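Trainee: Mind folding the following:
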Amino acid sequence: MASLVLGLPKGSLQEATFAMMRKAGFNLSVSSRSYIPTCDDEDLKCRLLRPQEIPRYVELGLLDSGITGYDWIYENNADVVEVCELCYSKATSRPVRWVIAVPNDSPIQSVKDLEGKRISSEAVGLTRRYLEANGVNADVEFSWGATEVKAPELVDAIVDLTETGSSLRANNLRILATILTSTTRLIANKTAWEDADKRAKLEQIAMLMTGALQAESRVLLKMNVGSANLGKVIEILPALHTPTVNALDADGWHAVESVVEESKVRELVPRLKAAGAEGLIELPLNKIIF
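Mentor: Alright, predicted model coming up:
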């Protein structure tokens with residue numbers, strides 16, 4: 001098959017994307033001066049681009065596919081196939097938000113108060129569409145970066161991307177409204193999606209990356225349990241479906257294992273131990289394919 005050309009996001013998402021691709025089984029490497037990563041899959045050719053540009057190049061067919069944010073698909077009004085949602089971002093697995101923010105001491109209290117004001121944003125199209133939908137006429141200018149520091153000296157408000165809100169708080173800004181909530185997406189050019197080989201490759205990437213993401217928050221718990229306590233332990237133990245139970249060579253003992261949410265382990269382990277589980281082992285997971 002012809003190689004699938006995949007656009008990968010350069011910038012804040014790059015490190016997280018490379019890590020997720022590695023967990024999915026695709027080993028990537030790139031030098032600090034290169035925009036062409038190497039991949040150990042000969043059917044995959046990768047290009048590093050700003051995520052803002054990826055939807056447009058995918059729509060034009062200059063890339064077969066790409067990983068970018070829904071916000072940039074929306075900003076570019078790109079006509080592409082959304083293969084799957086990939087819920088990861090720079091710092092967390094939570095969605096990111098485009099918000100309108102103003103200085104803490106600003107008299108602006110609502111979106112309507114932005115009438116006639118100056119607003120700075122990297123997402124000019126997204127901002128203008130939101131204001132138009134709310135019947136507000138304001139001067140929206142493109143920001144080349146460091147958007148948070150422009151209010152109040154240069155602009156009245158900003159529209160910026162936030163994941164945790166810490167940068168806004170550090171710059172004495174408060175959120176006025178959320179314009180758009182965005183997650184990372186794997187997208188494809190429509191012609192490439194109709195190509196059987198390229199579609200199969202995209203579906204493989206989607207399955208493996210989704211599996212890697214599913215495994216991020218889960219672990220495998222293994223333990224030995226005597227027959228007298230087996231019912232109590234299974235009653236406590238959550239599972240994707242049901243725990244796996246296998247008889248051991250020693251009479252009256254069973255090996256029990258289950259995939260559980262990592263956040264629940266600290267509460268589960270003492271309860272399992274008290275219920276009679278022994279030799280508890282917690283193991284990280286690489287992928288879970290449902």
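
Trainee: and the closest residue in space to R128 that isn't next to it in sequence, what are its phi and psi?
Mentor: Leaving aside its sequence neighbours, R128 sits nearest to V140 (C-beta to C-beta, 6 or more residues apart in numbering; 5.4 Å). Glycine gets a C-beta too; all of them are placed from N, C-alpha and C. With angles defined as degrees, to the nearest 10, V140 sits at phi -100, psi 120.

Trainee: Enumerate every residue touching L202.
Mentor: The neighbours of L202, taking C-beta atoms under 8 Å, 6 or more residues apart in numbering as the test, are 4, 65, 83, 186, 188, 192-193.

Trainee: nearest to E42, of these?
Mentor: Ranked by distance to E42 (C-beta to C-beta), the contacts of L202 are led by L4 at 10.7 Å.

Trainee: Could you list the buried residues of the lowest-mean-pLDDT helix or strand in the chain?
Mentor: In the chain, no helix or strand scores lower on mean pLDDT, DSSP states H and E than helix 166-170, which sits at a mean of 88. Within helix 166-170, the residues scored as buried using 16 or more other C-beta atoms under 10 Å are L168.

Trainee: And for that helix, what's in contact with it?
Mentor: 99, 101, 148, 160, 162, 174-175.

Trainee: chain center to it, what's the gap?
Mentor: Here helix 166-170 is found 21 Å from its chain centre; the criterion is C-alpha atoms, centre = their mean, to the nearest Å.

Trainee: before we move on, back to that, wait, the residue nearest to R128 touches I119, no?
Mentor: Yes: taking C-beta atoms under 8 Å as the definition, V140 is a contact partner of I119 at 4.9 Å.

Trainee: Now do the shared contacts for those two.
Mentor: Shared contacts of V140 and I119 (C-beta under 8 Å, 6+ apart): 127, 131, 159.

Trainee: Let me know the distance separating the closest residue to S217 other than its chain neighbours from L8.
Mentor: Leaving out its chain neighbours, the residue that sits closest to S217 by C-beta to C-beta, 6+ apart is E262, at 5.7 Å. Per C-beta to C-beta, to the nearest Å, E262 is found 27 Å from L8.

Trainee: Compare those two (neighbour count), which wins?
Mentor: Shown here are E262 and L8; by other C-beta atoms under 10 Å, L8 has more neighbours (24 against 15).

Trainee: hey, what's the more buried one bridged with?
Mentor: Per DSSP bridges, the residues bridged to L8 are L48.

Trainee: before we move on, back to that, I'd like the shared contacts of V140 and I119 as CSV, with pLDDT, secondary structure and neighbour count appended.
Mentor: Compiled in CSV, the shared contacts of V140 and I119 are given as follows (pLDDT from 0 to 100; DSSP: H, G, I helix; E, B strand; the rest coil; neighbours: other C-beta atoms under 10 Å):
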residue, pLDDT, secondary structure, neighbour count
T127, 96, helix, 25
L131, 97, helix, 21
V159, 96, strand, 26
